[in-house]
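Trainee: Structure for the following, please:
(4 chains)
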2 protein chains.
Amino acid sequence: MASSSQYHHGDLHSTLIDAASSRLEKFGIDGLSLRKLAEDVGVSRTAPYHHFKDKNALLSAIAAKGFEQWHQIAVDIFDNDSIPPEQRLKDFIHAYIGFATEHPQIYELMFGQTLWGEGKASAALRDVAYPSFQYQVKMTKLLQEKKLLPTNQQALRLAQVTWGTLHGIARLIIDGIYADASHIEEMCDCAAALFMQQKNLN
Amino acid sequence: MASSSQYHHGDLHSTLIDAASSRLEKFGIDGLSLRKLAEDVGVSRTAPYHHFKDKNALLSAIAAKGFEQWHQIAVDIFDNDSIPPEQRLKDFIHAYIGFATEHPQIYELMFGQTLWGEGKASAALRDVAYPSFQYQVKMTKLLQEKKLLPTNQQALRLAQVTWGTLHGIARLIIDGIYADASHIEEMCDCAAALFMQQKNLN
DNA sequence: AATGAATCTTGACAGTGTCAATTTAACCCT
DNA sequence: AGGGTTAAATTGACACTGTCAAGATTCATT
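Mentor: Next comes the predicted model:
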């Protein structure tokens, strides 16, 4: 585990993940070359292959870290009983878009075509991505019971659509399509208002 | 313009676009190699460079075709006076998701990171992508006047959020994240219901 | 100390996009 | 009709990429 040795790195596995993460944030997914990465870490071109089956496996590991990180943020917001549910949902929305726009490259990796396209998502990736969604379904049910979200829809369906909304807004902003960063707050508020319209009914 | 000659192709420009489109639909963006494409068309590796500045320029041309196609679909739906506005919006939603899921690769190209990432979208692409959105803003205003969409939001903001919703749903379905093709209809209906909640108010 | 497994190395291969210099054909003008 | 300009297509080359196969080095365990 020491760093004295030259030939054996010691902890290449996690060193690769760290170096790759920082390269990813700087240069994007396409700018992340395994060879340059190996050079960064001071190891030969093929050394990473002893720790990751291929490039996608390394990327998946980074994405996994992202999912865990996001899941923690989501839980922290929804489990905070000192804040009214309505505000929690608003906070959640802002946090989601904030997370996506502050780490656009990682977000792209987590939800982009590189890992998910063509149904090529590994079971491991699915397993780490799913809890966040399941949790959102649960929260959706809860907010429906409190009549903050429409009650005439299945929770699963509604959760898919609300996640879709956040996902779509995040991507439009990240890629600068029909929207830019200066609209973030207003778009979040607009989405929140759309979700919770029936609040004004009672 | 004839096809007798061997050396000069005659109409390589549009031949490339066609061949690239079909290769794109089969193999995806990453599977589209300029060299293989040239071979398909029966021309040397670098011939395409006399018609397109680089790979992205060719991809942009394909995307442009997609935007024009989609814009026409959208206009046809919204301008159909024989159908009540509420139904038109529903049709529009289904058409959007249908377009995206029936041509996933082209949709990915039109709205994906390849062309838009890092703010690298060309002015030409923006020009061809924007009218569709402007049109949707106009339709949003109209539906707000008819009290089918929430009136307490700016049309621009609401259009961004609704487009975001459709965009997000499309991507979740295409990439198989938290949703799959068998949910399409229900998700569209759920989104429509979410947009038009205030209909039940009057 | 020796053996087997884990780890890392160099070498090699098949791809990729794209530039430079060159050849071929088409077009236009006198 | 012929000569010159220009457009179109070609081969060659370069710098990359991910990844496999074989061999070298070190670690861990008996």
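
Trainee: residue contacts, A:Pro150?
Mentor: A:Pro150 is in contact with A:Gln144, A:Leu158, A:Gln197, A:Gln198, B:Ala193, B:Leu194, B:Gln197, counting by C-beta atoms under 8 Å, 6 or more residues apart in numbering or on different chains. Any C-beta I mention is one placed from the backbone N, CA and C, and that applies to glycine too.

Trainee: As TSV, those residues with neighbour count would be great.
Mentor: Shown next, in TSV, are the contacts of A:Pro150 (neighbours: other C-beta atoms under 10 Å in any protein chain shown):
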residue	neighbour count
A:Gln144	18
A:Leu158	26
A:Gln197	19
A:Gln198	18
B:Ala193	18
B:Leu194	21
B:Gln197	19
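
Trainee: Check pLDDT for the residues you listed and point me to the minimum.
Mentor: Ranked by pLDDT, these bottom out at A:Gln198 (74).

Trainee: Save the contacts of A:Pro150 as JSON lines, and put in secondary structure and distance to A:Arg35 too.
Mentor: JSON lines is the format used below for those (DSSP: H, G, I helix; E, B strand; the rest coil; distance: C-beta to C-beta, whole Å):
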{"residue": "A:Gln144", "secondary structure": "helix", "distance to A:Arg35": "51"}
{"residue": "A:Leu158", "secondary structure": "helix", "distance to A:Arg35": "46"}
{"residue": "A:Gln197", "secondary structure": "helix", "distance to A:Arg35": "53"}
{"residue": "A:Gln198", "secondary structure": "helix", "distance to A:Arg35": "55"}
{"residue": "B:Ala193", "secondary structure": "helix", "distance to A:Arg35": "51"}
{"residue": "B:Leu194", "secondary structure": "helix", "distance to A:Arg35": "47"}
{"residue": "B:Gln197", "secondary structure": "helix", "distance to A:Arg35": "53"}
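
Trainee: quick one: which of these is nearest A:His13?
Mentor: A:Leu158 (40.1 Å; C-beta to C-beta).

Trainee: which residues in chain A form helices?
Mentor: For chain A, the helices defined by DSSP state H cover A:12-27, A:34-41, A:55-78, A:85-102, A:104-111, A:113-116, A:123-145, A:155-175, A:184-195.

Trainee: how about these, which one is nearest B:Met110?
Mentor: Among those, the nearest to B:Met110 by C-beta to C-beta is helix A:155-175 (10.9 Å).

Trainee: before we move on, the earlier item: can you put the helices of chain A in a markdown table and add distance to B:His183?
Mentor: Shown next, in a markdown table, are these (distance: least, C-beta to C-beta, whole Å):
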| stretch | distance to B:His183 |
| --- | --- |
| helix A:12-27 | 31 |
| helix A:34-41 | 37 |
| helix A:55-78 | 22 |
| helix A:85-102 | 21 |
| helix A:104-111 | 17 |
| helix A:113-116 | 16 |
| helix A:123-145 | 13 |
| helix A:155-175 | 7 |
| helix A:184-195 | 19 |
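
Trainee: Among the ones you listed, which comes closest to chain B?
Mentor: Closest to chain B of those, according to C-beta to the nearest C-beta: helix A:155-175, at 2.7 Å.

Trainee: Phi first, then psi, for A:His53.
Mentor: Careful, residue A:53 is Lys; it's not His. Per-residue torsions, A:Lys53: phi -50, psi -40 (degrees, to the nearest 10).

Trainee: show me what contacts it?
Mentor: So, once contact is read as C-beta under 8 Å, 6+ apart, A:Lys53 ends up touching nothing.

Trainee: where does chain A dip in pLDDT?
Mentor: By pLDDT under 70, the low-scoring segments of chain A are A:1-7, A:199-202.

Trainee: closest one to B:Val43 among the helices of chain A?
Mentor: helix A:113-116 (28.9 Å).

Trainee: Identify the residues contacting the closest one?
Mentor: With C-beta under 8 Å, 6+ apart, helix A:113-116 has contacts from A:29, A:56, A:59-60, A:63, A:108-109, A:121, A:125, B:29, B:108, B:112, B:175-177.

Trainee: Intersect these with the contacts of DNA strand D.
Mentor: Residues of the contacts of helix A:113-116 in contact with DNA strand D (C-beta under 7 Å from any atom of the strand): A:Asn56.

Trainee: of the contacts of helix A:113-116, closest to DNA strand D?
Mentor: Ranked by distance to DNA strand D (C-beta to the nearest atom of the strand), these are led by A:Asn56 at 6.5 Å.

Trainee: So which of the contacts of A:Pro150 is the closest to A:Arg171?
Mentor: When the contacts of A:Pro150 are ranked by distance to A:Arg171 (C-beta to C-beta), B:Leu194 comes first, at 18.8 Å.
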